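**Student:** no FASTA, just this:
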(Lines give C-alpha, C1' and ligand atoms only; values in the text may rest on other atoms or scores of the structure.)
Protein backbone atom coordinates (compact mmCIF):
# COMPACT_ATOMS: atom_id res chain seq x y z
CA UNK A 1 0.00 0.00 0.00
CA UNK A 2 1.33 3.45 -0.95
CA UNK A 3 2.28 5.80 1.88
CA UNK A 4 -0.33 8.32 2.93
CA UNK A 5 0.28 11.77 1.49
CA UNK A 6 0.43 14.77 3.81
CA UNK A 7 0.22 18.11 1.99
CA UNK A 8 1.13 21.21 4.00
CA UNK A 9 2.12 23.50 1.12
CA UNK A 10 1.05 23.92 -2.49
CA UNK A 11 3.43 26.44 -4.02
CA UNK A 12 2.67 28.04 -7.36
CA UNK A 13 5.61 29.48 -9.24
CA UNK A 14 3.95 30.75 -12.42
CA UNK A 15 5.36 34.22 -11.71
CA UNK A 16 8.94 32.93 -11.35
CA UNK A 17 9.40 29.52 -12.97
CA UNK A 18 6.56 30.25 -15.40
CA UNK A 19 8.23 33.42 -16.62
CA UNK A 20 11.29 31.34 -17.48
CA UNK A 21 9.26 29.65 -20.23
CA UNK A 22 10.60 30.70 -23.63
CA UNK A 23 8.91 33.84 -24.92
CA UNK A 24 7.01 34.65 -21.72
CA UNK A 25 7.29 38.15 -20.24
CA UNK A 26 4.75 39.33 -17.67
CA UNK A 27 4.26 43.03 -16.97
CA UNK A 28 3.99 44.18 -13.34
CA UNK A 29 0.24 44.83 -13.66
CA UNK A 30 -0.27 41.37 -15.15
CA UNK A 31 1.69 39.81 -12.30
CA UNK A 32 -0.58 41.55 -9.78
CA UNK A 33 -3.69 40.09 -11.43
CA UNK A 34 -2.16 36.61 -11.74
CA UNK A 35 -1.04 36.71 -8.10
CA UNK A 36 -4.54 37.71 -6.98
CA UNK A 37 -6.14 34.93 -9.01
CA UNK A 38 -3.64 32.45 -7.56
CA UNK A 39 -4.43 33.70 -4.07
CA UNK A 40 -8.09 32.85 -4.67
CA UNK A 41 -7.36 29.49 -6.28
CA UNK A 42 -4.75 28.08 -3.90
CA UNK A 43 -6.49 28.49 -0.55
CA UNK A 44 -4.83 28.45 2.86
CA UNK A 45 -2.11 25.94 1.90
CA UNK A 46 -1.03 28.07 -1.02
CA UNK A 47 2.24 29.94 -1.40
CA UNK A 48 3.09 32.15 -4.37
CA UNK A 49 6.64 32.58 -5.62
CA UNK A 50 6.54 36.08 -7.11
CA UNK A 51 9.91 36.42 -8.82
CA UNK A 52 13.59 37.18 -8.49
CA UNK A 53 13.99 40.71 -7.08
CA UNK A 54 17.79 40.61 -7.14
CA UNK A 55 17.51 41.25 -10.87
CA UNK A 56 16.86 45.01 -11.38
CA UNK A 57 14.54 44.25 -14.30
CA UNK A 58 12.30 42.12 -12.07
CA UNK A 59 12.48 43.95 -8.74
CA UNK A 60 9.76 46.41 -9.80
CA UNK A 61 7.30 43.61 -10.48
CA UNK A 62 7.94 41.94 -7.11
CA UNK A 63 7.44 45.25 -5.34
CA UNK A 64 4.28 45.86 -7.38
CA UNK A 65 2.76 42.54 -6.26
CA UNK A 66 3.67 43.21 -2.60
CA UNK A 67 2.17 46.68 -2.80
CA UNK A 68 -0.97 45.33 -4.47
CA UNK A 69 -1.40 42.63 -1.80
CA UNK A 70 -0.86 45.13 0.99
CA UNK A 71 -3.53 47.44 -0.45
CA UNK A 72 -5.97 44.51 -0.77
CA UNK A 73 -5.28 43.30 2.76
CA UNK A 74 -3.96 39.94 1.58
CA UNK A 75 -1.49 37.90 3.62
CA UNK A 76 2.05 38.91 2.60
CA UNK A 77 3.42 35.78 4.25
CA UNK A 78 2.02 33.87 1.29
CA UNK A 79 4.51 35.60 -1.03
CA UNK A 80 8.07 34.32 -1.54
CA UNK A 81 11.04 35.89 -3.31
CA UNK A 82 13.53 33.68 -5.15
CA UNK A 83 17.22 34.55 -4.68
CA UNK A 84 20.72 33.36 -5.25
CA UNK A 85 22.53 32.25 -2.12
CA UNK A 86 23.90 35.71 -1.43
CA UNK A 87 23.24 37.98 1.52
CA UNK A 88 22.86 41.01 -0.76
CA UNK A 89 20.11 39.21 -2.69
CA UNK A 90 18.33 38.36 0.55
CA UNK A 91 18.57 42.00 1.62
CA UNK A 92 16.77 43.05 -1.57
CA UNK A 93 14.02 40.49 -0.97
CA UNK A 94 13.60 41.84 2.57
CA UNK A 95 13.37 45.40 1.25
CA UNK A 96 10.69 44.29 -1.22
CA UNK A 97 8.56 43.01 1.66
CA UNK A 98 7.75 39.42 0.76
CA UNK A 99 7.00 37.27 3.78
CA UNK A 100 9.37 34.53 2.70
CA UNK A 101 12.56 34.00 0.76
CA UNK A 102 14.00 31.08 -1.18
CA UNK A 103 17.76 30.77 -1.70
CA UNK A 104 19.12 28.35 -4.27
CA UNK A 105 22.53 26.83 -4.82
CA UNK A 106 23.41 23.57 -6.53
CA UNK A 107 25.59 21.21 -4.50
CA UNK A 108 26.63 19.18 -7.55
CA UNK A 109 30.24 19.40 -8.72
CA UNK A 110 29.08 19.93 -12.30
CA UNK A 111 27.03 23.01 -11.41
CA UNK A 112 29.67 24.44 -9.09
CA UNK A 113 32.27 24.12 -11.84
CA UNK A 114 30.05 25.53 -14.61
CA UNK A 115 28.70 28.47 -12.61
CA UNK A 116 31.69 29.45 -10.52
CA UNK A 117 34.59 28.37 -12.75
CA UNK A 118 35.75 26.00 -10.05
CA UNK A 119 36.31 28.86 -7.58
CA UNK A 120 33.63 27.55 -5.21
CA UNK A 121 34.35 24.11 -3.82
CA UNK A 122 31.68 21.88 -2.34
CA UNK A 123 32.96 22.71 1.15
CA UNK A 124 32.79 26.44 0.39
CA UNK A 125 29.26 25.99 -0.97
CA UNK A 126 28.17 24.40 2.32
CA UNK A 127 29.52 27.41 4.18
CA UNK A 128 27.75 29.89 1.89
CA UNK A 129 24.44 28.03 2.15
CA UNK A 130 24.57 27.86 5.94
CA UNK A 131 25.54 31.51 6.37
CA UNK A 132 22.93 32.81 3.93
CA UNK A 133 20.08 30.75 5.39
CA UNK A 134 21.03 31.81 8.93
CA UNK A 135 21.21 35.46 7.86
CA UNK A 136 17.75 35.33 6.27
CA UNK A 137 16.11 33.54 9.19
CA UNK A 138 17.84 34.88 12.29
CA UNK A 139 19.13 38.29 11.27
CA UNK A 140 16.38 39.47 8.92
CA UNK A 141 13.57 37.48 10.52
CA UNK A 142 11.82 36.07 7.45
CA UNK A 143 8.76 34.03 8.43
CA UNK A 144 9.57 31.43 5.79
CA UNK A 145 13.08 30.58 4.61
CA UNK A 146 13.58 27.82 2.07
CA UNK A 147 16.74 26.38 0.59
CA UNK A 148 16.73 24.83 -2.89
CA UNK A 149 19.32 22.15 -3.68
CA UNK A 150 19.31 22.80 -7.41
CA UNK A 151 20.05 19.77 -9.61
CA UNK A 152 19.42 17.57 -6.57
CA UNK A 153 18.78 14.43 -8.60
CA UNK A 154 22.32 14.56 -9.99
CA UNK A 155 23.80 14.38 -6.48
CA UNK A 156 24.42 11.22 -4.45
CA UNK A 157 21.85 10.92 -1.67
CA UNK A 158 24.52 11.07 1.02
CA UNK A 159 25.72 14.46 -0.23
CA UNK A 160 22.13 15.66 -0.55
CA UNK A 161 21.47 14.72 3.08
CA UNK A 162 24.61 16.57 4.15
CA UNK A 163 23.77 19.81 2.36
CA UNK A 164 20.15 19.74 3.56
CA UNK A 165 21.33 19.23 7.14
CA UNK A 166 23.47 22.35 6.81
CA UNK A 167 20.40 24.33 5.70
CA UNK A 168 18.29 22.76 8.45
CA UNK A 169 20.79 23.60 11.19
CA UNK A 170 21.04 27.16 9.87
CA UNK A 171 17.28 27.63 10.38
CA UNK A 172 15.64 26.71 7.07
CA UNK A 173 11.93 25.99 7.38
CA UNK A 174 11.86 23.92 4.18
CA UNK A 175 14.42 22.31 1.89
CA UNK A 176 13.40 22.01 -1.72
CA UNK A 177 14.43 19.02 -3.83
CA UNK A 178 14.10 19.75 -7.54
CA UNK A 179 14.44 17.30 -10.38
CA UNK A 180 15.97 20.18 -12.31
CA UNK A 181 16.52 18.31 -15.57
CA UNK A 182 13.43 16.10 -15.35
CA UNK A 183 15.71 13.08 -15.43
CA UNK A 184 14.47 10.57 -12.84
CA UNK A 185 11.66 8.04 -12.71
CA UNK A 186 8.98 8.05 -9.98
CA UNK A 187 10.32 5.04 -8.08
CA UNK A 188 13.82 6.49 -7.85
CA UNK A 189 12.53 9.90 -6.82
CA UNK A 190 10.22 8.42 -4.17
CA UNK A 191 13.15 6.52 -2.65
CA UNK A 192 15.38 9.60 -2.70
CA UNK A 193 12.80 11.63 -0.78
CA UNK A 194 12.14 8.74 1.61
CA UNK A 195 15.82 8.53 2.53
CA UNK A 196 16.04 12.30 2.92
CA UNK A 197 13.01 12.45 5.20
CA UNK A 198 14.45 9.66 7.31
CA UNK A 199 17.61 11.70 7.91
CA UNK A 200 16.14 15.20 8.41
CA UNK A 201 13.74 16.99 10.72
CA UNK A 202 13.09 19.88 8.34
CA UNK A 203 10.15 19.63 5.91
CA UNK A 204 10.77 18.84 2.25
CA UNK A 205 9.24 20.28 -0.93
CA UNK A 206 9.53 18.75 -4.41
CA UNK A 207 9.86 20.67 -7.67
CA UNK A 208 9.66 18.38 -10.70
CA UNK A 209 10.47 19.31 -14.29
CA UNK A 210 8.62 17.76 -17.19
CA UNK A 211 11.33 17.09 -19.77
CA UNK A 212 10.29 13.43 -20.00
CA UNK A 213 6.62 14.00 -19.21
CA UNK A 214 6.95 12.74 -15.63
CA UNK A 215 6.50 15.95 -13.63
CA UNK A 216 3.09 15.09 -12.18
CA UNK A 217 4.01 11.44 -11.56
CA UNK A 218 7.29 12.42 -9.89
CA UNK A 219 5.56 15.08 -7.79
CA UNK A 220 3.13 12.49 -6.46
CA UNK A 221 5.98 10.03 -5.90
CA UNK A 222 7.88 12.67 -3.93
CA UNK A 223 4.86 13.28 -1.73
CA UNK A 224 4.50 9.54 -1.21
CA UNK A 225 8.15 9.50 -0.16
CA UNK A 226 7.43 11.96 2.64
CA UNK A 227 7.63 15.43 1.10
CA UNK A 228 4.95 17.73 2.52
CA UNK A 229 5.05 20.42 -0.14
CA UNK A 230 4.92 20.45 -3.93
CA UNK A 231 5.43 23.05 -6.66
CA UNK A 232 3.21 23.75 -9.66
CA UNK A 233 2.52 26.39 -12.28
CA UNK A 234 -0.41 27.26 -14.50
CA UNK A 235 -0.31 24.93 -17.54
CA UNK A 236 2.98 23.68 -16.06
CA UNK A 237 4.84 26.50 -17.86
CA UNK A 238 8.45 27.05 -16.94
CA UNK A 239 12.04 26.58 -18.08
CA UNK A 240 12.09 24.43 -21.22
CA UNK A 241 8.87 22.35 -21.05
CA UNK A 242 8.14 23.41 -17.48
CA UNK A 243 7.02 21.63 -14.32
CA UNK A 244 3.90 19.98 -12.87
CA UNK A 245 0.58 21.54 -13.88
CA UNK A 246 -1.52 23.04 -11.09
CA UNK A 247 -4.93 21.69 -12.10
CA UNK A 248 -3.71 18.24 -13.11
CA UNK A 249 -1.75 17.65 -9.92
CA UNK A 250 -4.41 19.06 -7.58
CA UNK A 251 -7.24 17.08 -9.21
CA UNK A 252 -5.24 13.84 -9.13
CA UNK A 253 -4.23 14.34 -5.49
CA UNK A 254 -7.85 14.82 -4.47
CA UNK A 255 -9.29 12.10 -6.70
CA UNK A 256 -6.81 9.26 -6.16
CA UNK A 257 -5.22 10.02 -2.78
CA UNK A 258 -8.00 11.80 -0.89
CA UNK A 259 -5.73 14.79 -0.27
CA UNK A 260 -7.47 18.01 0.75
CA UNK A 261 -5.54 20.48 -1.38
CA UNK A 262 -7.67 23.51 -0.48
CA UNK A 263 -7.81 24.46 -4.16
CA UNK A 264 -10.83 26.41 -5.40
CA UNK A 265 -11.35 24.54 -8.66
CA UNK A 266 -14.17 26.81 -9.87
CA UNK A 267 -11.66 29.68 -10.18
CA UNK A 268 -9.17 27.69 -12.26
CA UNK A 269 -10.67 28.34 -15.74
CA UNK A 270 -10.49 32.11 -15.18
CA UNK A 271 -6.88 31.83 -13.96
CA UNK A 272 -5.82 29.70 -16.92
CA UNK A 273 -7.55 31.97 -19.43
CA UNK A 274 -5.80 35.04 -18.06
CA UNK A 275 -2.35 33.42 -17.93
CA UNK A 276 -2.85 32.16 -21.48
CA UNK A 277 -3.62 35.69 -22.63
CA UNK A 278 -0.77 37.32 -20.69
CA UNK A 279 1.83 34.70 -21.65
CA UNK A 280 0.80 34.20 -25.25
CA UNK A 281 0.67 30.43 -24.64
CA UNK A 282 -2.85 29.10 -25.26
CA UNK A 283 -4.03 26.14 -23.22
CA UNK A 284 -3.24 23.22 -25.55
CA UNK A 285 -6.54 21.64 -26.60
CA UNK A 286 -5.24 18.14 -25.77
CA UNK A 287 -3.93 19.23 -22.35
CA UNK A 288 -5.04 17.05 -19.40
CA UNK A 289 -8.19 18.32 -17.68
CA UNK A 290 -8.06 21.98 -18.76
CA UNK A 291 -7.63 21.31 -22.49
CA UNK A 292 -10.91 21.66 -24.37
CA UNK A 293 -10.52 18.28 -26.07
CA UNK A 294 -10.59 16.62 -22.64
CA UNK A 295 -14.34 17.11 -22.46
CA UNK A 296 -15.32 16.64 -26.12
CA UNK A 297 -16.66 13.28 -27.34
CA UNK A 298 -16.31 12.60 -31.06
CA UNK A 299 -16.62 8.88 -31.84
CA UNK A 300 -20.22 7.73 -32.24
CA UNK A 301 -19.95 4.76 -29.90
CA UNK A 302 -18.42 7.03 -27.25
CA UNK A 303 -21.24 9.55 -27.66
CA UNK A 304 -23.84 6.81 -27.33
CA UNK A 305 -22.26 5.45 -24.15
CA UNK A 306 -21.65 8.82 -22.50
CA UNK A 307 -25.21 9.96 -23.16
CA UNK A 308 -26.40 6.92 -21.21
CA UNK A 309 -23.66 6.82 -18.57
CA UNK A 310 -20.94 9.54 -18.47
CA UNK A 311 -18.65 7.30 -16.40
CA UNK A 312 -18.12 5.05 -19.42
CA UNK A 313 -15.60 7.52 -20.87
CA UNK A 314 -15.15 10.24 -18.24
CA UNK A 315 -13.29 10.40 -14.95
CA UNK A 316 -13.27 14.19 -14.52
CA UNK A 317 -16.03 16.01 -12.64
CA UNK A 318 -16.51 19.00 -14.96
CA UNK A 319 -18.95 20.66 -12.58
CA UNK A 320 -16.17 21.30 -10.06
CA UNK A 321 -14.64 23.63 -12.68
CA UNK A 322 -17.93 25.14 -13.79
CA UNK A 323 -17.48 23.41 -17.16
CA UNK A 324 -19.64 21.03 -19.20
CA UNK A 325 -18.94 18.11 -21.51
CA UNK A 326 -19.26 18.73 -25.23
CA UNK A 327 -19.99 16.60 -28.29
CA UNK A 328 -18.63 16.93 -31.81
CA UNK A 329 -21.15 16.93 -34.63
CA UNK A 330 -19.21 15.43 -37.52
CA UNK A 331 -18.23 12.45 -39.62
CA UNK A 332 -18.36 10.05 -36.67
CA UNK A 333 -21.74 11.37 -35.57
CA UNK A 334 -23.95 9.09 -33.46
CA UNK A 335 -27.68 8.93 -34.10
CA UNK A 336 -28.17 9.01 -30.32
CA UNK A 337 -26.82 12.59 -30.17
CA UNK A 338 -29.44 13.74 -32.66
CA UNK A 339 -32.05 11.75 -30.74
CA UNK A 340 -31.09 13.62 -27.56
CA UNK A 341 -31.18 16.96 -29.39
CA UNK A 342 -34.70 16.24 -30.65
CA UNK A 343 -35.95 14.59 -27.46
CA UNK A 344 -39.62 15.49 -26.86
CA UNK A 345 -40.30 16.38 -30.48
CA UNK A 346 -42.39 14.16 -32.75
CA UNK A 347 -39.81 13.73 -35.48
CA UNK A 348 -39.94 10.56 -37.63
CA UNK A 349 -37.03 8.13 -37.36
CA UNK A 350 -36.26 8.43 -41.07
CA UNK A 351 -35.89 12.23 -40.73
CA UNK A 352 -33.49 11.81 -37.81
CA UNK A 353 -31.51 9.28 -39.83
CA UNK A 354 -31.32 11.68 -42.77
CA UNK A 355 -30.09 14.46 -40.46
CA UNK A 356 -27.33 12.22 -39.10
CA UNK A 357 -26.22 11.25 -42.60
CA UNK A 358 -26.23 14.87 -43.79
CA UNK A 359 -24.11 15.96 -40.82
CA UNK A 360 -21.64 13.19 -41.60
CA UNK A 361 -21.48 14.06 -45.31
CA UNK A 362 -20.97 17.79 -44.73
CA UNK A 363 -18.27 17.07 -42.18
CA UNK A 364 -16.42 14.72 -44.54
CA UNK A 365 -16.65 17.15 -47.48
CA UNK A 366 -15.33 20.09 -45.43
CA UNK A 367 -12.81 18.11 -43.42
CA UNK A 368 -14.02 19.54 -40.12
CA UNK A 369 -16.84 19.21 -37.60
CA UNK A 370 -19.97 21.31 -37.98
CA UNK A 371 -20.29 24.41 -35.87
CA UNK A 372 -23.26 24.58 -33.55
CA UNK A 373 -25.05 27.25 -35.55
CA UNK A 374 -24.72 25.01 -38.64
CA UNK A 375 -26.18 22.08 -36.72
CA UNK A 376 -29.01 24.24 -35.41
CA UNK A 377 -29.97 25.50 -38.87
CA UNK A 378 -29.73 22.07 -40.48
CA UNK A 379 -31.80 20.31 -37.81
CA UNK A 380 -34.45 23.03 -37.64
CA UNK A 381 -34.78 23.09 -41.44
CA UNK A 382 -35.04 19.30 -41.78
CA UNK A 383 -37.12 18.54 -38.67
CA UNK A 384 -39.31 21.65 -38.71
CA UNK A 385 -38.79 22.38 -34.99
CA UNK A 386 -37.16 25.13 -32.94
CA UNK A 387 -34.04 24.24 -30.95
CA UNK A 388 -34.14 27.42 -28.88
CA UNK A 389 -32.54 26.69 -25.50
CA UNK A 390 -31.08 23.37 -26.67
CA UNK A 391 -28.09 24.84 -28.47
CA UNK A 392 -26.34 28.16 -27.82
CA UNK A 393 -28.08 31.11 -29.44
CA UNK A 394 -26.32 33.20 -32.06
CA UNK A 395 -24.00 32.41 -34.91
CA UNK A 396 -20.39 31.42 -34.30
CA UNK A 397 -18.05 33.67 -36.22
CA UNK A 398 -14.40 33.24 -37.13
CA UNK A 399 -12.63 36.37 -38.32
CA UNK A 400 -9.33 37.92 -39.30
CA UNK A 401 -8.77 41.46 -38.05
CA UNK A 402 -6.02 43.41 -39.82
CA UNK A 403 -4.23 46.26 -38.01
CA UNK A 404 -2.04 49.12 -39.18
CA UNK A 405 -0.07 50.87 -36.43
CA UNK A 406 2.16 53.90 -35.94
CA UNK A 407 5.87 53.34 -36.70
CA UNK A 408 6.88 54.01 -33.07
CA UNK A 409 4.26 51.61 -31.68
CA UNK A 410 5.15 49.61 -28.55
CA UNK A 411 4.33 46.31 -30.22
CA UNK A 412 4.65 44.04 -27.17
CA UNK A 413 2.29 46.19 -25.12
CA UNK A 414 -0.18 46.39 -28.00
CA UNK A 415 -0.23 42.62 -28.48
CA UNK A 416 -0.72 42.00 -24.76
CA UNK A 417 -3.56 44.56 -24.67
CA UNK A 418 -5.26 42.87 -27.61
CA UNK A 419 -4.97 39.40 -26.09
CA UNK A 420 -6.20 40.64 -22.72
CA UNK A 421 -9.18 42.48 -24.22
CA UNK A 422 -10.38 39.39 -26.08
CA UNK A 423 -9.83 37.25 -22.96
CA UNK A 424 -12.09 39.62 -21.00
CA UNK A 425 -14.86 38.27 -23.22
CA UNK A 426 -13.59 34.68 -23.03
CA UNK A 427 -11.90 34.42 -26.44
CA UNK A 428 -8.21 33.51 -26.83
CA UNK A 429 -6.69 34.92 -30.02
CA UNK A 430 -3.51 34.52 -32.04
CA UNK A 431 -1.75 37.75 -33.10
CA UNK A 432 0.67 37.58 -36.03
CA UNK A 433 3.17 40.18 -37.27
CA UNK A 434 2.83 40.22 -41.07
CA UNK A 435 4.42 41.81 -44.13
CA UNK A 436 2.62 43.98 -46.67
CA UNK A 437 0.11 46.77 -46.27
CA UNK A 438 -0.90 45.70 -42.74
CA UNK A 439 1.28 45.25 -39.65
CA UNK A 440 -0.66 42.65 -37.65
CA UNK A 441 -3.46 40.16 -38.13
CA UNK A 442 -5.60 38.84 -35.27
CA UNK A 443 -7.03 35.33 -35.69
CA UNK A 444 -10.36 35.12 -33.82
CA UNK A 445 -12.31 31.88 -33.43
CA UNK A 446 -15.86 31.06 -32.39
CA UNK A 447 -17.35 34.42 -31.41
CA UNK A 448 -21.06 33.76 -30.98
CA UNK A 449 -22.30 37.22 -31.94
CA UNK A 450 -20.92 39.29 -34.86
CA UNK A 451 -21.97 42.48 -33.04
CA UNK A 452 -19.69 41.49 -30.15
CA UNK A 453 -16.77 41.33 -32.56
CA UNK A 454 -17.43 44.93 -33.58
CA UNK A 455 -17.70 45.95 -29.93
CA UNK A 456 -14.36 44.38 -28.98
CA UNK A 457 -12.60 45.85 -32.02
CA UNK A 458 -13.98 49.28 -31.18
CA UNK A 459 -12.72 49.04 -27.61
CA UNK A 460 -9.26 47.99 -28.79
CA UNK A 461 -9.05 51.01 -31.09
CA UNK A 462 -10.18 53.45 -28.40
CA UNK A 463 -7.79 52.05 -25.79
CA UNK A 464 -4.72 51.79 -28.05
CA UNK A 465 -3.91 55.09 -29.72
CA UNK A 466 -1.06 53.54 -31.74
CA UNK A 467 -3.60 51.80 -34.00
CA UNK A 468 -4.12 53.77 -37.21
CA UNK A 469 -6.56 51.50 -39.03
CA UNK A 470 -8.37 48.17 -38.74
CA UNK A 471 -10.19 45.94 -41.19
CA UNK A 472 -12.26 42.89 -40.27
CA UNK A 473 -12.83 39.96 -42.64
CA UNK A 474 -15.31 37.26 -41.68
CA UNK A 475 -14.20 33.71 -42.43
CA UNK A 476 -16.97 32.02 -44.43
CA UNK A 477 -15.55 28.54 -44.24
CA UNK A 478 -12.46 26.60 -43.29
CA UNK A 479 -11.01 23.51 -44.90
CA UNK A 480 -8.51 21.20 -43.22
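**Tutor:** Here it is on my side, so go on. Everything quoted here is computed from the prediction, not taken from an experiment. Residues are numbered from 1 along each chain as shown.

**Student:** Distance-wise, check the nearest residue to residue 171 once chain neighbours are set aside relative to residue 450.
**Tutor:** Excluding the flanking residues, the one nearest residue 171 by C-beta to C-beta, 6 or more residues apart in numbering is residue 137, at 3.5 Å. Every residue, glycine included, has its C-beta placed from N, CA and C. Using C-beta to C-beta, to the nearest Å, one obtains 60 Å as the distance from residue 137 to residue 450.

**Student:** need the contact list for the residue nearest to residue 9 when sequence neighbours are not counted.
**Tutor:** Nearest in space to residue 9, with sequence neighbours left out and distances taken as C-beta to C-beta, 6+ apart, is residue 229 at 3.4 Å. Under the criterion of C-beta atoms under 8 Å, 6 or more residues apart in numbering, the neighbours of residue 229 are 7-11, 174, 176, 203-206.

**Student:** Check residue 207 too.
**Tutor:** 13, 17, 148, 176-179, 230-231, 243.

**Student:** And residue 241, by the same measure?
**Tutor:** Applying C-beta under 8 Å, 6+ apart to residue 241 gives the contacts 182, 209-211.

**Student:** quick one: which of those residues is most hemmed in?
**Tutor:** Each of these was scored by neighbour count (other C-beta atoms under 10 Å); the top score is that of residue 209, with 25 neighbours.

**Student:** partners of it in the sheet?
**Tutor:** When bridges are called by DSSP bridges, residue 209 pairs up with residue 243.

**Student:** List the buried residues of the host helix or strand of residue 133.
**Tutor:** Per DSSP states H and E, residue 133 falls inside helix 122-134. Buried residues in helix 122-134, counting neighbours by 16 or more other C-beta atoms under 10 Å, are found at 125-126, 128-130, 132-134.

**Student:** Export these as TSV, with columns for pLDDT and distance to residue 154.
**Tutor:** Conversion of the buried residues of helix 122-134 to TSV gives the following (pLDDT from 0 to 100; distance: C-beta to C-beta, whole Å):
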residue	pLDDT	distance to residue 154
125	94	14
126	96	17
128	96	19
129	97	17
130	98	21
132	98	22
133	98	21
134	98	26
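
**Student:** quick one: which of residue 137 and residue 450 has more around it?
**Tutor:** The residue with the greater number of neighbours, taking residue 137 and residue 450 and applying other C-beta under 10 Å, is residue 137; the counts read 20 against 15.

**Student:** Is that one located within a strand, as I assumed?
**Tutor:** No. Following the definition DSSP: H, G, I helix; E, B strand; the rest coil, residue 137 is helix and is not counted among the residues of a strand.

**Student:** Surely it and residue 169 touch.
**Tutor:** No. The pair residue 137 / residue 169 is not scored as a contact, 11.0 Å apart, by C-beta atoms under 8 Å.

**Student:** so what's in contact with these two at the same time?
**Tutor:** Common contacts of residue 137 and residue 169, defined by C-beta under 8 Å, 6+ apart, are absent altogether.

**Student:** Show me the beta-bridge partners of residue 405.
**Tutor:** For residue 405, the beta-bridge assignment (DSSP bridges) gives partners residue 467.

**Student:** For it, give me the pLDDT.
**Tutor:** Residue 405 carries a pLDDT value of 95.
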